[in-house]
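S.K.: can you look at this prediction? I've put the sequence above it.
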Amino acid sequence: METVETARPAEAGARSETSRGQASRAARLLGRPFTLGDLTLRNRIAMAAVTRRFSPDGVPGEDVAAYYARRAAGGAGLIVTEGTYVRRDAAAAYDRVPHFHGERALTGWARVAERVHEAGGRIMPQLWHTGVLRTDAGPRPGVLAEGPSGLDLDGCEYGRAMTLDDIDAVVHAFAEAAAAAERIGFDGVELHGAHGYLIDSFLWRTTNARTDAYGGGPASRARFAAEIVAAVRGAVSPGFPVLFRLSQWKTDRYDARIAERPQDLEALLAPLAEAGADAFHASTRRYWLPEFDGSDLNLAGWTKKLTGKPSITVGSIGLDQQFAGAPGRTQRSGVTGIAPLLDRLERDEFDLVAVARALIADPEWPAKALTGRLDEAVPYDAALLSDLV
Ligand SMILES: Cc1cc2nc3c(=O)[nH]c(=O)nc-3n(C[C@H](O)[C@H](O)[C@H](O)COP(=O)(O)O)c2cc1C
């Protein structure tokens with residue numbers, strides 16, 4: 001676990017943001033609608049994907065629907081669901097994570113989307129293949145983990161290297177899931193290209209040692225992701241938004257980087273923008289940290305600048321204890337203000353802000369943020385993860 005925490009920027013605490021000026025500033029900046037393709041969001045606040053494992057046999061039930069609907073009723077403009085598996089045996093790593101294939105799971109998901117819509121929100125599934133983070137402890141024991149080169153996140157031999165047929169099958173699985181998302185009433189999709197999972201493991205040199213067209217320089221390492229984006233784009237209507245989530249950090253490897261310099265990031269992301277990604281969700285643990293030397297821009301800021309596409313920021317928004325990594329590791333966190341976040345939003349550094357733990361703690365966090373009442377927000381406690389509240 002990481003022990004070094006980086007100091008937050010000086011900011012007004014939650015309480016002083018209750019002043020009328022702060023409230024109207026939050027309403028003005030966060031309360032603006034945002035349009036992405038055919039989708040218009042009522043505000044700039046998104047719920048980030050949070051794996052909850054409350055879907056027995058991969059089927060999300062009425063409790064899952066109510067859980068997301070509560071966050072929509074609490075004001076979130078966009079809900080990105082927990083990661084949900086595409087149709088591929090090796091995609092799954094953990095039990096009780098919802099699938100995004102098969103009639104029962106899709107019927108459950110259709111109900112989730114319906115409930116979120118009734119509550120005034122919009123919703124996208126986060127489509128997921130766990131890659132080399134899969135172990136035999138979860139579903140389908142005996143199915144080998146798969147990745148670009150049969151290497152784990154330390155670069156040690158693990159699982160198996162995907163063949164060209166495997167690559168085609170996985171690309172197809174993502175496209176099939178995206179088509180299903182549109183068919184059953186979702187408002188877009190987010191592709192999980194972050195945290196060391198399958199798509200990200202192609203982007204990262206440590207896990208991708210391929211010598212064919214899918215390995216080598218950044219543009220080649222981006223090929224698999226770009227093929228998925230293109231196939232997804234082709235499987236849905238032109239105005240149906242396709243988001244791509246990326247990160248430098250990997251699960252339990254917080255210093256990992258896919259791009260050391262802006263030009264490396266540009267080389268990785270340009271093919272994805274070209275293939276039809278509508279926006280990028282840049283996963284960082286602390287939104288205020290500059291990504292590269294010589295600029296204050298965070299990863300979402302650089303992503304927007306380099307691709308010309310809208311971006312989403314995330315990472316310790318509204319919390320005084322920063323995201324320490326794996327689910328639940330940050331045990332408790334008090335509430336803090338969002339003045340520095342609003343400063344960045346005002347400068348158009350990014351377009352949307354995503355919130356995970358603060359929204360687990362308090363489904364009404366968006367409404368409170370929009371009206372300058374964050375001093376009333378419920379503090380985060382990892383114990384909350386044991387129930388679907
Ligand atoms: C319990 C838990 C589960 C998570 N599951 C996912 C996931 O399924 N997919 C994903 O991309 N990120 C996942 N994340 C990361 C969050 O989306 C988010 O990036 C991170 O929590 C930082 O945001 P926060 O500081 O607002 O919590 C998870 C985080 C937590 C705490």
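M.R.: Arrived safely, thanks for sending.
S.K.: and M47, what are its phi and psi?
M.R.: Main-chain torsions, M47, degrees, to the nearest 10: phi -90, psi 130.
S.K.: equivalent analysis for the one 3 residues further on, please.
M.R.: Geometry field for V50 lists phi and psi as phi -140, psi 110, criterion degrees, to the nearest 10.
S.K.: do you know the pLDDT at it?
M.R.: pLDDT, V50: 98.
S.K.: so what's it up against?
M.R.: When contacts are counted by Cβ atoms under 8 Å, 6 or more residues apart in numbering, V50 touches E82, P327, A356, R357, L359, I360. No exception for glycine: its C-beta is placed from N, CA and C like everyone else's.
S.K.: which positions in the stretch 1-150 of the chain make contact with the ligand?
M.R.: A48, A49, V50, T51, E82, G83, Q126 (Cβ under 6 Å from any ligand atom).
S.K.: which residue is the nearest non-sequential neighbour of R357?
M.R.: Y380 (4.5 Å; Cβ to Cβ, 6 or more residues apart in numbering).
S.K.: repeat that for F186.
M.R.: In space, F186 is closest to A113, 5.2 Å off (Cβ to Cβ, 6+ apart).
S.K.: hmm, I184 and that neighbour touching each other?
M.R.: Yes. Shown here, A113 and I184 form a contact pair, counting by Cβ atoms under 8 Å, at 6.5 Å.
S.K.: those two: which is more packed in?
M.R.: The residue with more neighbours, out of A113 and I184, is A113; 24 against 18, by other Cβ atoms under 10 Å.
S.K.: what residues are up against the closest residue to W204 other than its chain neighbours?
M.R.: Distance criterion Cβ to Cβ, 6+ apart; nearest residue to W204, sequence neighbours excluded, is I258 at 5.1 Å. Listed by Cβ under 8 Å, 6+ apart, the contact partners of I258 are D200, L203, W204, R205, L246, S247, Q248, D264, L265, L268.
S.K.: pretty sure I258 is in a strand, no?
M.R.: No. Assessed with DSSP: H, G, I helix; E, B strand; the rest coil, I258 is coil; it does not lie in a strand.
S.K.: measure it to A279 for me?
M.R.: 18 Å (Cβ to Cβ, to the nearest Å).
S.K.: so how far is the helix ranked longest in the chain off the chain centroid?
M.R.: If you go by DSSP state H, the chain has its longest helix at helix 164-183. On the basis of Cα atoms, centre = their mean, to the nearest Å, helix 164-183 sits 19 Å off its chain's mean C-alpha point.
S.K.: buried residues, that helix. List them.
M.R.: Across helix 164-183, burial judged by 16 or more other Cβ atoms under 10 Å covers 167, 170-181.
S.K.: as TSV, the residues you listed with distance to the ligand would be great.
M.R.: What follows is the buried residues of helix 164-183, written out as TSV (distance: Cβ to the nearest ligand atom, whole Å):
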residue	distance to the ligand
I167	22
V170	18
V171	20
H172	22
A173	17
F174	15
A175	20
E176	20
A177	15
A178	17
A179	21
A180	19
A181	16
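S.K.: need the CA coordinates for stretch 89-102. CSV is fine.
M.R.: Provided in CSV are the C-alpha atoms of stretch 89-102 (Å, rounded to 0.1, in the frame of the first residue of the first chain):
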residue,chain,number,x,y,z
ASP,A,89,-14.5,-16.8,-20.6
ALA,A,90,-11.2,-15.2,-19.7
ALA,A,91,-12.8,-11.8,-19.2
ALA,A,92,-14.1,-12.7,-15.8
ALA,A,93,-12.0,-12.6,-12.7
TYR,A,94,-14.3,-12.1,-9.7
ASP,A,95,-17.6,-13.7,-8.7
ARG,A,96,-20.8,-11.7,-8.5
VAL,A,97,-19.6,-9.1,-11.0
PRO,A,98,-22.4,-8.5,-13.5
HIS,A,99,-22.0,-9.8,-17.1
PHE,A,100,-23.0,-7.8,-20.1
HIS,A,101,-24.1,-10.7,-22.2
GLY,A,102,-26.8,-13.4,-21.9
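S.K.: what is the mean pLDDT for that stretch?
M.R.: Rounded mean pLDDT across stretch 89-102 is 97.
S.K.: ok, stretch 24-34 next?
M.R.: 96.
S.K.: before we move on, what about stretch 158-166?
M.R.: 98.
S.K.: and that stretch, how far from the chain's centre?
M.R.: For stretch 158-166, the distance to the chain centre is 25 Å (Cα atoms, centre = their mean).
S.K.: start to end distance for that stretch?
M.R.: 17 Å (Cα to Cα, to the nearest Å).
S.K.: list the buried ones in stretch 380-389?
M.R.: Those would be Y380, A382, L384, L385, L388, for stretch 380-389 by 16+ other Cβ under 10 Å.
S.K.: pull the residues that contact it.
M.R.: So stretch 380-389 is contacted by 52, 54, 63-64, 67, 319, 321, 327-333, 357-358, 360-361 (Cβ under 8 Å, 6+ apart).
S.K.: and the residues you listed, which of them are in strands?
M.R.: R332, S333 (DSSP state E).
S.K.: want to throw the residues of the stretch 1-150 of the chain next to the ligand into TSV with distance to G37?
M.R.: Listed next are these as TSV, based on distance: Cβ to Cβ, whole Å:
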residue	distance to G37
A48	20
A49	20
V50	25
T51	27
E82	23
G83	22
Q126	18
